[in-house]
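J.: have a look at this fold, sequence not included:
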């Protein structure tokens, strides 16, 4: 590589790293507890195996009515299902297309049609950590900003590898010159850790950026794949009528047999249309369980209007979530994810140290 | 023939990325493979720490 090209890549690496380092440190620190969010959420809760008889459970619509009674005047937006207990979670709001900030969350136990006993209202500290990680508590603007930081991080990784190639030719792979000065040692550690964790860091950086684009990707999907099912984009949102949720689920599962429900989006919700309940079904295998199939059910008649297989960009969005958090492969994967998160903090810190300890003449020379 | 200096890093990256993707497809040996791929990423750090 020509010296001028090398200098240009060095500039790209320095500035893309400097722009993202502080924010990446925040993301790495908040991401660490999020890897173990299931375990942290379970602290202090008694571990018990729930048993129930399906025949004794109240209908979905009875549970929805019970949840709506807790927030008079609200309408259903989403209904999700707990896996290990017969509890449904209703997200409601003043209108079907209410913004996220106006939504309320009400779990209902289908054995009693009341909120589950022992559940603490509110999400607790892990919800705050997730919001900080997702958008720095700045909402949509923060989310897009984090997406841009993710792209800067990817650029820093790519430029780092370009710079590492000539270095590795001289020093060899995975060598740390322990007898040299502190700056040389930290340069070697920075190169070694940055190099061997490249794939993980690229996956986490890219999937994190994809996750920040969830809203525009979903909006595009509505306008693209769902367009032929939506009759009137500006029309009124079909009102909820008791009985429709059970009917929609029954008809959706009859249309796509062998799949189980993951959640239902009511008319007006981002994941539905103004005239439909979208019943999201998942497959039985670990992979198909992550890739959802929405069945669009007419909110007035309860008839299935169509099955809308997810296009590639929605599949990418759905797979980006487990790939970002590393919570799909058991405790061994979570522990390794945590180790990789910690060593990425070392890479960020050492990079900053190397820049601060760079000889002044070299820095001036580069600037000139 | 002289080996390209990025070969070891590329090999580790390919194996750990393949492990991550395969890990998505199942809950048994697939998860073990994903963990193995990630372990391969951190192993050189451990070796360098132990080396005098």
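T.: Good, I have the coordinates. Every value quoted in this text rests on a predicted model; they were computed, and no experiment measured them.

J.: run through chain B and note the low-pLDDT ranges.
T.: Applying pLDDT under 70 to chain B flags residues B:1-2, B:52.

J.: how about a cut-off of 80?
T.: B:1-3, B:5, B:52 (pLDDT under 80).

J.: next one: phi and psi at the residue minimising distance to the centre of chain A?
T.: For chain A, the residue nearest the mean C-alpha position is residue A:321 (4.1 Å; C-alpha atoms, centre = their mean). Note on residue A:321: its backbone torsions stand at phi -70, psi -50 [degrees, to the nearest 10].

J.: residue contacts, it?
T.: Counting by C-beta atoms under 8 Å, 6 or more residues apart in numbering or on different chains, residue A:321 makes contact with A:207, A:211. C-beta: built from backbone N, CA, C; applies to glycine.

J.: residue A:326 too?
T.: A:35, A:333, A:334, A:336, A:337.

J.: what sits against the second one?
T.: With contact set as C-beta under 8 Å, 6+ apart, residue A:333 has these partners: A:326, A:327, B:23, B:31, B:34, B:35, B:38.

J.: same check on the last one?
T.: For residue A:337, the set of contacting residues under the criterion of C-beta under 8 Å, 6+ apart consists of A:35, A:325, A:326, B:38.

J.: save the residues you listed as TSV, and put in secondary structure and distance to residue B:19 too.
T.: Compiled in TSV, these are given as follows (DSSP: H, G, I helix; E, B strand; the rest coil; distance: C-beta to C-beta, whole Å):
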residue	secondary structure	distance to residue B:19
A:35	helix	17
A:325	helix	16
A:326	coil	11
B:38	helix	7
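
J.: identify the farthest-apart pair in the residues you listed.
T.: A:325 and B:38 (13.7 Å; C-beta to C-beta).

J.: who has more neighbours, these two?
T.: Neighbour tally, residue A:325 and residue B:38, criterion other C-beta atoms under 10 Å in any protein chain shown: the higher count belongs to residue B:38, 27 against 20.

J.: mind listing the strands for the stretch 51-200 of chain A?
T.: Residue ranges of the strands in the stretch 51-200 of chain A, as given by DSSP state E, counting those that start in this stretch, are A:75-81, A:87-93, A:104-109.

J.: so which of these comes closest to residue A:173?
T.: It is, among the strands of the stretch 51-200 of chain A and with distance given as C-beta to C-beta, strand A:75-81, at 47.4 Å.

J.: remind me what the closest one packs against, helices and strands.
T.: helix A:60-69, strand A:87-93, strand A:260-265 (3 or more C-beta pairs under 8 Å, 6 or more residues apart in numbering or on different chains; DSSP states H and E).

J.: got a markdown table for the ones you listed, with distance to residue A:197 too?
T.: Output for the helices and strands packed on strand A:75-81, formatted as a markdown table (distance: least, C-beta to C-beta, whole Å):
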| stretch | distance to residue A:197 |
| --- | --- |
| helix A:60-69 | 44 |
| strand A:87-93 | 36 |
| strand A:260-265 | 33 |
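
J.: include mean neighbour count and distance to residue A:77 when you put those into CSV, please.
T.: Output for those, formatted as CSV (neighbours: other C-beta atoms under 10 Å in any protein chain shown; distance: least, C-beta to C-beta, whole Å):
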stretch, mean neighbour count, distance to residue A:77
helix A:60-69, 21, 11
strand A:87-93, 22, 5
strand A:260-265, 20, 7
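
J.: closest one to residue A:241 among those?
T.: helix A:60-69 (8.8 Å).

J.: which parts of chain A sit against chain B?
T.: A:161, A:164-169, A:173-176, A:178, A:189, A:192-193, A:195-200, A:202-203, A:285-287, A:290, A:319, A:322-323, A:328-330, A:332-333, A:336-337, A:339-340, A:343 (C-beta under 8 Å from any C-beta of the partner chain).

J.: which of these are buried?
T.: A:161, A:164-165, A:168, A:173-174, A:176, A:189, A:192-193, A:195-200, A:202-203, A:286, A:290, A:319, A:322-323, A:328-329, A:333, A:336-337, A:339-340, A:343 (16 or more other C-beta atoms under 10 Å in any protein chain shown).

J.: show me the contacts for residue B:26.
T.: Residue B:26 touches A:285, A:286, A:287, counting by C-beta under 8 Å, 6+ apart.

J.: distance of whatever residue of the stretch 1-150 of chain A ends up closest to chain B relative to residue A:169?
T.: Residue of the stretch 1-150 of chain A nearest chain B, by C-beta to the nearest C-beta: residue A:1 (11.7 Å). Distance of residue A:1 to residue A:169, computed by C-beta to C-beta, to the nearest Å: 10 Å.

J.: do the same with residue A:72
T.: Using C-beta to C-beta, one gets 71 Å for the distance from residue A:72 to residue A:169.

J.: what do you get for residue A:263?
T.: Using C-beta to C-beta, which is the criterion applied here, residue A:263 is 52 Å from residue A:169.

J.: name the nearest residue to residue 23, ignoring sequence neighbours.
T.: You didn't pick a chain, so chain A it is. Among residues not flanking residue A:23 along the chain, residue A:149 sits closest, at 4.6 Å (C-beta to C-beta, 6 or more residues apart in numbering or on different chains).

J.: can you look at chain B instead?
T.: Nearest to residue B:23 is residue B:34, by C-beta to C-beta, 6+ apart, at 2.7 Å.

J.: so that neighbour is in contact with residue B:18, correct?
T.: No. The criterion here is C-beta atoms under 8 Å, and residue B:34 misses it with residue B:18 at 9.1 Å.

J.: tell me which of those two has more neighbours.
T.: Neighbours per residue (other C-beta under 10 Å) separate residue B:34 from residue B:18, with residue B:34 holding more: 27 against 14.

J.: and the more buried one, that's in a helix?
T.: Yes. Under DSSP: H, G, I helix; E, B strand; the rest coil, residue B:34 sits within a helix.

J.: quick one, helices of chain B?
T.: B:7-23, B:29-50 (DSSP state H).
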